[in-house]
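Chemist: Turn this into a structure:
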Amino acid sequence: MAPARTAPARTALATLAGTTLEWYDFFLYGTAAALIFDKQFFPSLSPAAGTLAAFSTLAVGFIARPLGGLVFGHFGDRIGRKATLVVSLVLMGVGSTLIGAIPNYDAIGFWAPVLLVVLRVIQGIGLGGEGAGATLMSMEHAPRGKRNLYAGFPQMGTPAGLVLANLIFLATNSLMGDSAFTSWGWRIPFLLSFVLVAIGLVIRLRVTESPSFNRVLEQDDVVKFPLAEALKVGFPRLALTLLAVVANSAVAYVFMVFTLSYGTKNLGYDKQFLILSVTAAAVLWFATIPVWTRIADRYGRRTMFIGGSAAILVWCAAFFPLLDTGNSVLAVVALTGMGLVIPVTHCVQGGIIADTFPVHVRYSGSSLILQTGAILGGGLAPMISTALLNSGDGSSSAGVTWYLVAMCGISLAGAVALFRAVPETAPGSVVLTTEGAEA
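Modeler: Numbering: from 1, shown residues only. Below is the predicted model:
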């Protein structure tokens, strides 16, 4: 009986390790896009246009994520979660490692940004397969009454990947100095992806297939086109779920990526200070996820999610005014505050999305919602924020603040409407959605 008891914990830790490594690759790109890529791949553009171009390549990865989500979701619902998650990890590792080997614009001209975009697409496809799949893998192994806790383990990979990416980025920069790092040293963290992914694969290959998917096989419930079946949930439910989760992604990427560019170039903060502050906030994000998911399992996640959505809205209204003071202490307050409010909704959104769909089409349906939300939220957020900032004199962040507040208002309204439309369930239980959903 020991292996049966340890399988859920081993699976949860394996999904955490895998998502940490995948998000390491993705966030490493975001940090480099904010601080390095404008000079390396778009040197002929003005600083503002170069930053916008670099953030545009960041957005390309998000646009590719739904493709990865649909492909991996299709096969995850047909052949199993484990195999698709192994492939997604390999794809992300290959894409990230090759980014570290691309010659810059001065070496090969036009082809440098072209290759960057191609590899960014590969990254996006890999992460698109990871996002929903890792949550399902951990949640579907969870002991009864701990579904939110286990669904939260892959979510912890987001801040863990950010911490890992920023620390390696900073360590490499500190050891080499700014000149060498900007010239070629930035490649080292990307090349390290190969080693980290190899470690992740060893861990991931040891987990067993999802018990929920095994039951689908036993009951011969595999369908030919899972996504088409998932859409039968209905447009109102799908739309409200999407609206409820879209703001978290937008706020997180403004906080994690745009802030680095804006803070250094417009407000004069030291680069290392900002990266360390964002990293400290991510540590808080990581550490508080198990607390919130246990609360969700014990008392239910609806009130917590709505309260968290309101808290993010309030903090977004204060975030840039605090940063704009130029005071380092207030900047730390602004950033660590984000690290405290973001996890309240982020930790349970994967479970909320997953419980929208019957188990035999859950991977496809969850991927559709999660990756569409990622495009509309996180993928476009740094680019929209940069455009709003530069639409005036480039010194006022008011437009960015209003953009974030509006996104948060949309998600708060979406969450309230969603939870009113769907019957309440007991804390930690599975939502009964359509026929064939888990009991």
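Chemist: Secondary structure element for the closest residue to Leu164 other than its chain neighbours, which one?
Modeler: Once flanking residues are discounted, Leu164 sits nearest to Tyr24: 4.7 Å by Cβ to Cβ, 6 or more residues apart in numbering. Yep, even glycine has a C-beta here, placed from its N, CA and C like the rest. Assigned by DSSP states H and E, Tyr24 belongs to helix 2-35.
Chemist: how much distance is there from that helix to the middle of the chain?
Modeler: 11 Å (Cα atoms, centre = their mean, to the nearest Å).
Chemist: Report the buried residues of it.
Modeler: By neighbour count with 16 or more other Cβ atoms under 10 Å, helix 2-35 contains the buried residues 8, 10-12, 14-35.
Chemist: try stretch 81-89
Modeler: Arg81, Lys82, Thr84, Leu85, Val86, Ser88, Leu89.
Chemist: The second one contacts Pro211, doesn't it?
Modeler: No - taking Cβ atoms under 8 Å as the contact criterion, Lys82 and Pro211 are not neighbours in contact, 11.7 Å apart.
Chemist: before we move on, back to that, so who does the residue nearest to Leu164 touch?
Modeler: Gly161, Leu162, Leu164, Ala165, Ile168, Ser193, Leu196 (Cβ atoms under 8 Å, 6 or more residues apart in numbering).
Chemist: In the chain, where is pLDDT below threshold?
Modeler: Low-confidence segments of the chain (pLDDT under 70): 1-6, 392-395, 423-439.
Chemist: now the strands for it?
Modeler: Counting by DSSP state E, the chain has no strands to list.
Chemist: Nearest residue to the residue positioned nearest the centre of it in space, please, no chain neighbours.
Modeler: For the chain, the residue nearest the mean C-alpha position is Thr158 (5.7 Å; Cα atoms, centre = their mean). Among residues not flanking Thr158 along the chain, Trp23 sits closest, at 5.2 Å (Cβ to Cβ, 6+ apart).
Chemist: now the one you found: how far from Phe169?
Modeler: According to Cβ to Cβ, to the nearest Å, Trp23 and Phe169 sit 14 Å apart.
Chemist: Over to Ala230?
Modeler: According to Cβ to Cβ, Ala230 and Phe169 sit 38 Å apart.
Chemist: Likewise for Val222?
Modeler: When Val222 is compared with Phe169 (using Cβ to Cβ), they lie 43 Å apart.
Chemist: can I get the contacts of Tyr24 in TSV with neighbour count and distance to Ser411?
Modeler: Below are those laid out as TSV (neighbours: other Cβ atoms under 10 Å; distance: Cβ to Cβ, whole Å):
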residue	neighbour count	distance to Ser411
Gly161	22	23
Leu162	29	21
Leu164	23	28
Ala165	27	26
Ile168	18	32
Ser193	26	32
Leu196	21	33
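Chemist: closest to Leu98 among these?
Modeler: Closest approach between the contacts of Tyr24 and Leu98, by Cβ to Cβ: Ser193, at 9.3 Å.
Chemist: can you pull the contacts of the closest one?
Modeler: Applying Cβ under 8 Å, 6+ apart, the residues contacting Ser193 are Leu21, Tyr24, Asp25, Leu28, Met92, Gly93, Ser96, Thr97, Gly100.
Chemist: so which of those comes closest to Leu284?
Modeler: Tyr24 (18.3 Å).
Chemist: what separates the closest residue to Gly133 other than its chain neighbours from Arg10, distance-wise?
Modeler: Once flanking residues are discounted, Gly133 sits nearest to Leu85: 5.0 Å by Cβ to Cβ, 6+ apart. Leu85 sits 14 Å away from Arg10, going by Cβ to Cβ.
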